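**Q** pasting the structure only:
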């Protein structure tokens, strides 16, 4: 009998990839294609949802071909996705009404300021556990209603559908305009500011407040259950899982017990701590979110620290400044100097996310002298990721009953040994990387395989996890705290840079 595999579709901020995994959680084949980033105005970030769907149509057959696998050997499909990115499309034609507004986009900052004054943060925290921020989908829907003529009325007439990227792709995969499934899962729904965090249903008060008609929203399902069969690309293969990318990474790192944490280092970086069935309300700038829900089991929750710009800072250093020609070169350049030379870079390109949540912040470089070289700047770029991680871990330790003892890491930036050592140094805990670094894709596959019976339970998945690398802290404690103080002084200089005009 032919070997069977689980297919993972990872629709990320910069690319869409398709990966096949076997029973041992090993990567069998991968196909990936980048999509264009659109920056029509300062602070605006957009994607073409049609381009992303077309890219998926390319990478799925490529992954099958690379593995020499037929579609009959695919046991199930799981999706992971960039979470808060917002797509509105025509129910009848399937055409997006405009470009997708990406999670990094800050055009809703005036609305955030208004909501902070009235009705105030507590109104939202009590219902969806999220503070007003440019990060979340509901504000993007409201912005589109207010700024694109006719969309709101069409939505009220039942002509418009909303979704994050997994909803858009599942709808297209399962038939699109011909009875395609319009669904999301609890992890993605928990990032919209429209779902009640306790009941995992769309909240009437939040819908009324934002003026979002229920008819445009997808049905909320668990993260792992049979959703339906694909009718395009892989006809007859069942789609059995969907998770937001960071929750997928937590699942792929097998952080199934309360107190276990992971950080994914990609375009941005996201640290999640499993809190089990406890809905922990953060008092230190973290987000309470749904970690995952398996079938009809109770949901598992997490505390999350979201960092907007980490890998994107390396991309900026490469593409905008031209100081390196490829991302891996930054480590080589940073190693040409012993330290940062007193230079710090705060990458608040889209404001600061956790734990500060300051949309008025913008990037700064401080400590420049004639001594500074591009090597020092390269080291400051990498160190910015470490210090932002430290801020989130400090907040997490303050919110949690138990201090972090170990951090599991994944994502493309974990290939940078200098960075990973710096993270271990500034956190003063071991940092460990698994054999499969791209655990976003693995987590989506694990959830899909569980729902399809490909894997029998969580303990089997735990046994698949193997350590590939470990970094132990080695920094002098006095130096650690002195450098951290300098970082915090640099952050203070990034605040209050943007004065948002008040809306009437």
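**A** Received, thanks. Given the structure is predicted, the values throughout are model-derived calculations rather than measurements. Residues are numbered from 1 along each chain as shown.

**Q** C-alpha from now on. contacts and neighbour counts both.
**A** Fine.

**Q** confidence score at residue 160?
**A** We note a pLDDT of 97 for residue 160 in this prediction.

**Q** ok, the closest residue to it other than its chain neighbours - contacts?
**A** Closest residue in space to residue 160, ignoring its immediate chain neighbours: residue 90 at 4.9 Å, by CA to CA, 6 or more residues apart in numbering. With contact set as CA atoms under 8 Å, 6 or more residues apart in numbering, residue 90 has these partners: 96-97, 159-161.

**Q** would you turn those into a markdown table with neighbour count and distance to residue 288?
**A** Rendered in a markdown table, the data for those read as follows (neighbours: other CA atoms under 10 Å; distance: CA to CA, whole Å):
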| residue | neighbour count | distance to residue 288 |
| --- | --- | --- |
| 96 | 19 | 31 |
| 97 | 15 | 31 |
| 159 | 17 | 33 |
| 160 | 24 | 29 |
| 161 | 25 | 27 |
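
**Q** Farthest-apart pair in these, please.
**A** Within the contacts of residue 90, 96 and 159 form the most distant pair, 11.7 Å apart (CA to CA).

**Q** wait, which of the contacts of residue 90 is closest to residue 328?
**A** For those, the nearest to residue 328 is residue 96 (35.9 Å; CA to CA).

**Q** Make sure the closest one is actually in contact with residue 49.
**A** Yes: using CA atoms under 8 Å, residue 96 and residue 49 qualify as a contacting pair, with a distance of 7.0 Å.

**Q** who touches both of these two?
**A** Between them, residue 96 and residue 49 have residue 87 as joint contacts when contacts are counted by CA under 8 Å, 6+ apart.

**Q** What is the end-to-end distance of stretch 114-126?
**A** Start-to-end span of stretch 114-126 (CA to CA, to the nearest Å) is 18 Å.

**Q** go on, stretch 8-17?
**A** 8 Å.

**Q** For the nearest residue to residue 427 once chain neighbours are set aside, grab the count of nearby residues.
**A** Counting by CA to CA, 6+ apart, residue 427 lies nearest to residue 390, which is 5.8 Å off, once chain neighbours are set aside. Residue crowding around residue 390 was assessed by other CA atoms under 10 Å; the count is 19.

**Q** Please renumber the chain so that the first residue is 225 from this point on.
**A** That works, and once the first residue is 225, the last one we named lands at residue 614.

**Q** In which helix or strand does residue 614 reside?
**A** The secondary structure element spanning residue 614 is helix 598-623 (assigned by DSSP states H and E).

**Q** From the contact counts, what lies against that helix?
**A** Helices and strands in packing contact with helix 598-623 are listed as strand 493-500, strand 524-531, helix 535-543, helix 553-558, strand 568-570, helix 641-651; criterion 3 or more CA pairs under 8 Å, 6 or more residues apart in numbering; DSSP states H and E.

**Q** Out of those, which is closest to residue 582?
**A** Taking CA to CA, strand 524-531 is the member of those nearest to residue 582, at 11.8 Å.

**Q** which residues touch the closest one?
**A** Where contact means CA under 8 Å, 6+ apart, the residues beyond strand 524-531 that reach it are 492-504, 506, 509-517, 576-579, 612-613, 616, 620.

**Q** Pull the distance from that strand to the chain's centre.
**A** Relative to the chain's own centre, strand 524-531 is displaced by 10 Å; criterion: CA atoms, centre = their mean, to the nearest Å.

**Q** what about that strand, average pLDDT?
**A** Regarding strand 524-531, the rounded mean pLDDT is 93.

**Q** Over to stretch 423-431?
**A** Stretch 423-431 shows a mean pLDDT of 97.

**Q** Quick check: residue 333 touching residue 359?
**A** No: contact between residue 333 and residue 359 fails when scored by CA under 8 Å: they sit 9.6 Å apart.

**Q** The two: which is more packed in?
**A** Residue environment comparison for residue 333 versus residue 359 gives the larger neighbour count to residue 359, 30 against 23, counting by other CA under 10 Å.

**Q** Give me the secondary structure label for the more buried one.
**A** coil (DSSP: H, G, I helix; E, B strand; the rest coil).

**Q** how far away is the nearest residue to it once chain neighbours are set aside from residue 257?
**A** On the basis of CA to CA, 6+ apart, the spatially nearest residue to residue 359 that is not a chain neighbour turns out to be residue 327, at 5.5 Å. When distance is defined by CA to CA, residue 327 is 20 Å away from residue 257.

**Q** Settle it for me: which of those two has more neighbours?
**A** residue 327 (22 against 15).

**Q** wait, what's in contact with that one?
**A** With contact set as CA under 8 Å, 6+ apart, residue 327 has these partners: 269, 306-310, 358-361.

**Q** Check it and give its pLDDT.
**A** Residue-level confidence at residue 327 comes out at 91, pLDDT.

**Q** now swap in residue 726 and tell me
**A** Confidence at residue 726, expressed as pLDDT, is 53.

**Q** Return the helix or strand in this structure with minimum mean pLDDT.
**A** helix 333-341 (a mean of 87; mean pLDDT, DSSP states H and E).

**Q** Could I get the buried residue list for it?
**A** 333-337, 339-340 (16 or more other CA atoms under 10 Å).

**Q** and which of the residues you listed is nearest to residue 372?
**A** Using CA to CA, the buried residues of helix 333-341 come closest to residue 372 at residue 335, 15.9 Å.

**Q** from memory the closest one sits against residue 363, does it?
**A** Yes: judged on CA under 8 Å, residue 335 makes contact with residue 363 at a distance of 7.5 Å.

**Q** Need the three-state assignment for residue 669.
**A** Going by three-state DSSP, the secondary structure assigned to residue 669 is helix.

**Q** can you count the residues close to it?
**A** By the criterion of other CA under 10 Å, residue 669 has 35 neighbours.

**Q** measure it to residue 675 for me?
**A** As judged by CA to CA, residue 669 and residue 675 stand 10 Å apart.

**Q** Please apply the same query to residue 472.
**A** When CA to CA is the yardstick, residue 472 and residue 675 sit 14 Å from each other.

**Q** Between these two, which has more neighbouring residues?
**A** Neighbours were tallied for residue 472 and for residue 675 using other CA under 10 Å; the higher tally belongs to residue 472 (31 against 24).

**Q** if we can go back for a sec, now for residue 669 and residue 675: what residues contact both?
**A** residue 465.

**Q** Please name every helix or strand in contact with the strand or helix carrying residue 513.
**A** Secondary structure here is read from DSSP H and E; on that basis residue 513 sits in strand 511-516. For strand 511-516, the contact count by 3+ CA pairs under 8 Å, 6+ apart identifies helix 410-413, helix 469-476, strand 524-531 as packing neighbours.
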